[in-house]
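Enquirer: heads up, no residue letters with this:
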């Protein structure tokens, strides 16, 4: 049975990718639903102030926001913060949680009842609980909610509450330092599993560089090698949406597919030492140092990794970004495609702070403002109001966006399991990548965790 939610996601993905390839007109809304109907009008506080209404008799407000990441800190300091504060001079923006794990930061501050008014949100139990407690608010009353495709809003809707507007379309990718690959005898990136293993073997034997790294410290990226192997083994048999349905129903039996463990076992020896504890910034640093040939990472870190490879080689043309080539020769490739982390708002009791929160939230999702985040990160936006006028993609990212059109998408399964099981699977995979666990045992233990997960029926 076809997974309708995945179809909606694919329609939206195709739309944004077509735009990213160079469309100069405004991207159309997704055809399957169009913008969500709103029963309420946006609060007056959420609308931009008139040009004549500068500081005036406004009370000074300091607005904490927990959305800034290291990959767009320069854009925040040089463009976003000064531009907003110039437009609303009574509001001072303060970036919090920078360099910290967002979930840890939010859990600590939720316990202290001082969450930032604007904050990053994810599809996770913790944020769902905040929705149920009335702490994370419904974003459907904001004008900008109409500018996100409905299929992306579905992922961030819990019990009827839209609690996050996604930053963009998230894909898994393989980044390559082609200078190292050429040293190993490869003038083109590997195109399938057999070529990938052969290329890895050549890099290990013919160069003094590490072969492959990943950010094992983040569960999204720790899962990428495993799930890319898994879907390229079972995807064609199950069809689109079949994997997601079997995960949710508890009917997927990993041990029925011994090739999954076999390929995990082939991959693990090529993983760079230290990958299990790497942060995403650490992966960028490794690629910038030029000490590793390839990295599996999300497209949301594209700008930094590509720039890092260019720095390591002295030539951006050596930086490549391709779909993870874990498919069999001649077979279609399966690609993870899910919404990125999103931005949401939390409840505040101070009317001045509430006004500042709403002004900033609507402001940041205007295309002329959101472009600073998008372009700093090199990702593919989903705002339907963005055009090629606002978007600058590095050549490697533009090429990657074209490649995604030829892949079959799947939604990563950690969205369908509890955070506890998610973290336990991450630990198992990192033990495998570190050489501390065998692939057969890893697969069996992941199977046991999935079957015991209370979210799985």
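Expert: Received the coordinates, thanks. Since the model is a prediction, treat every value here as computed from it, not as a measurement.
Enquirer: What about residue 130, how many residues nearby?
Expert: By other CB atoms under 10 Å, 24 other residues sit near residue 130. All C-beta atoms are positioned from the backbone trio N, CA, C, and that covers glycine.
Enquirer: buried stuff in the helix or strand harbouring it?
Expert: Per DSSP states H and E: residue 130 is located in helix 125-132. Residues 127-128, 130-131 are the ones in helix 125-132 that count as buried (16 or more other CB atoms under 10 Å).
Enquirer: Which SSE is immediately downstream of it?
Expert: Next in sequence after helix 125-132, counting helices and strands by DSSP H and E, comes helix 150-155.
Enquirer: so what does that following helix touch, helix or strand wise?
Expert: helix 4-20, strand 165-166, strand 334-339 (3 or more CB pairs under 8 Å, 6 or more residues apart in numbering; DSSP states H and E).
Enquirer: try it again with 7 Å
Expert: With contacts taken as 3 or more CB pairs under 7 Å, 6 or more residues apart in numbering; DSSP states H and E, helix 150-155 sits against helix 4-20.
Enquirer: Got the confidence number for residue 445?
Expert: pLDDT for residue 445: 96.
Enquirer: Could you give the number of residues near it?
Expert: Count around residue 445 with other CB under 10 Å applied: 18.
Enquirer: ok so, going back, out of the buried residues of helix 125-132, who's nearest residue 57?
Expert: residue 130 (34.0 Å; CB to CB).
Enquirer: and residue 286, what helix or strand is that in?
Expert: helix 280-289.
Enquirer: mind listing what's buried in that helix?
Expert: Here helix 280-289 shows 280-284, 286-288 as buried, counting by 16+ other CB under 10 Å.
Enquirer: can you give me how far the helix or strand following it is from the chain middle?
Expert: With elements assigned by DSSP H and E, the helix or strand that comes after helix 280-289 is strand 292-298. Computed by CA atoms, centre = their mean, to the nearest Å, the chain-centroid distance of strand 292-298 equals 15 Å.
Enquirer: Next, the angle helix 280-289 makes with the very next helix or strand once past strand 292-298.
Expert: Next helix or strand after strand 292-298 toward the C-terminus (DSSP H and E): helix 302-313. Helix 302-313 and helix 280-289 are oriented at 30 degrees to each other (axes from the mean of the first three to the mean of the last three CA atoms, to 10 degrees).
Enquirer: So which elements touch helix 302-313?
Expert: In terms of contacts (3+ CB pairs under 7 Å, 6+ apart), helix 302-313 is packed against strand 169-177, helix 280-289, strand 319-322, helix 367-377.
Enquirer: so can I have JSON lines of those showing mean pLDDT and distance to residue 384?
Expert: As requested, the helices and strands packed on helix 302-313 are exported to JSON lines (pLDDT from 0 to 100; distance: least, CB to CB, whole Å):
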{"stretch": "strand 169-177", "mean pLDDT": "94", "distance to residue 384": "12"}
{"stretch": "helix 280-289", "mean pLDDT": "97", "distance to residue 384": "28"}
{"stretch": "strand 319-322", "mean pLDDT": "96", "distance to residue 384": "25"}
{"stretch": "helix 367-377", "mean pLDDT": "92", "distance to residue 384": "9"}
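Enquirer: mind putting these in a markdown table, distance to residue 259 included?
Expert: Output for the helices and strands packed on helix 302-313, formatted as a markdown table (distance: least, CB to CB, whole Å):
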| stretch | distance to residue 259 |
| --- | --- |
| strand 169-177 | 19 |
| helix 280-289 | 27 |
| strand 319-322 | 22 |
| helix 367-377 | 35 |
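Enquirer: and of the ones you listed, who's closest to residue 423?
Expert: The minimum distance between residue 423 and the helices and strands packed on helix 302-313 falls on helix 280-289, with 16.9 Å, by CB to CB.
Enquirer: And the closest one, how far out from the chain middle?
Expert: The answer for helix 280-289 is 17 Å, by CA atoms, centre = their mean.
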